[in-house]
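A.B. asks: Take this sequence and fold it.
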Amino acid sequence: MSSTKKVEDSKIISTELVLPHHTNQLGNLLGGQLMHWIDITAALSAAKINNGICVTASVDRIDFHHAIKLGDAVTLKASVNRVFNTSMEVGVKVFAQSFRKNTAVHSNTAYLTFVSVDEIGKPVKAIDVIPETEDEKRRFEEALERRKNRLNYRTGKI
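C.D. replies: Okay, here's the model as predicted:
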């Protein structure tokens, strides 16, 4: 098994249709439903790069920039930004598209940390990623800063 892969190899795109049981009383997508879709898409990205099981360790703040409405198509694009040792940061961009109105908006961005584990749940070394494009290199560097902030928050330094 290779110890490195390209960021491109971790890309996952999923699309969901917002149905009535996904919405609140205003016809907007429930935040919890979107978080579920984000977590699943990110988990697939992490598992794809590692050829194995990856579990959610944390989810950074999720901001809701635009309401996603009943009938919209929600496209989630995930890729591994950076691998540390057993953990990795996965970024997910969320887009809402209304075919009826012919509109599309970038509604959310989320960062999640996953840990690569074996069959009994013990953390194992994750397969490293190599950023190639300028955007991938930028996200790779920014992931290190976000990790430092997460660790500082966890230890009470911020």
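A.B. asks: CA only for contacts and neighbour counts going forward, please
C.D. replies: OK.
A.B. asks: mind checking how far Leu112 is from Lys93?
C.D. replies: Separation of Leu112 from Lys93 (CA to CA, to the nearest Å) stands at 12 Å.
A.B. asks: These two: who's more crowded?
C.D. replies: With neighbours defined as other CA atoms under 10 Å, Leu112 and Lys93 compare such that Leu112 has more, 23 against 17.
A.B. asks: all helices in the chain, in order from the N-terminus.
C.D. replies: 31-50, 134-154 (DSSP state H).
A.B. asks: Now the longest one: average pLDDT?
C.D. replies: If I follow you right, that is helix 134-154. For helix 134-154, the mean pLDDT works out to 92.
A.B. asks: just the first one next, same as before
C.D. replies: Confidence over helix 31-50 (mean pLDDT, whole number) is 97.
A.B. asks: list the helices and strands that helix packs on?
C.D. replies: Identification of packing neighbours for helix 31-50 by 3 or more CA pairs under 8 Å, 6 or more residues apart in numbering; DSSP states H and E yields strand 12-17, strand 53-59, strand 73-83, strand 87-98, strand 103-117.
A.B. asks: now, of those strands, which is deepest in the fold?
C.D. replies: Ranked by mean neighbour count, the helices and strands packed on helix 31-50 are led by strand 73-83 with a mean of 25 (mean count of other CA atoms under 10 Å).
A.B. asks: didn't Ala96 look like it was pressed against Val105?
C.D. replies: Yes: between Ala96 and Val105 there is a contact under CA atoms under 8 Å: 5.4 Å.
A.B. asks: Quick one: neighbours of Asp39, just the number.
C.D. replies: Asp39 has 22 neighbours, counted by other CA under 10 Å.
A.B. asks: For Val83, find the nearest of the helices of the chain.
C.D. replies: Each of the helices of the chain was scored for nearness to Val83 using CA to CA, and the closest is helix 134-154 (8.8 Å).
A.B. asks: Which of the residues in the closest one are classified as buried?
C.D. replies: Across helix 134-154, burial judged by 16 or more other CA atoms under 10 Å covers Glu136, Lys137, Arg139, Phe140, Ala143, Leu144, Arg147, Arg150.
A.B. asks: Excluding its own residues, what touches stretch 99-115? List them.
C.D. replies: Stretch 99-115 is contacted from outside by 38-39, 42-43, 46, 54-68, 72-73, 86-98, 123-124, 126, using CA atoms under 8 Å, 6 or more residues apart in numbering.
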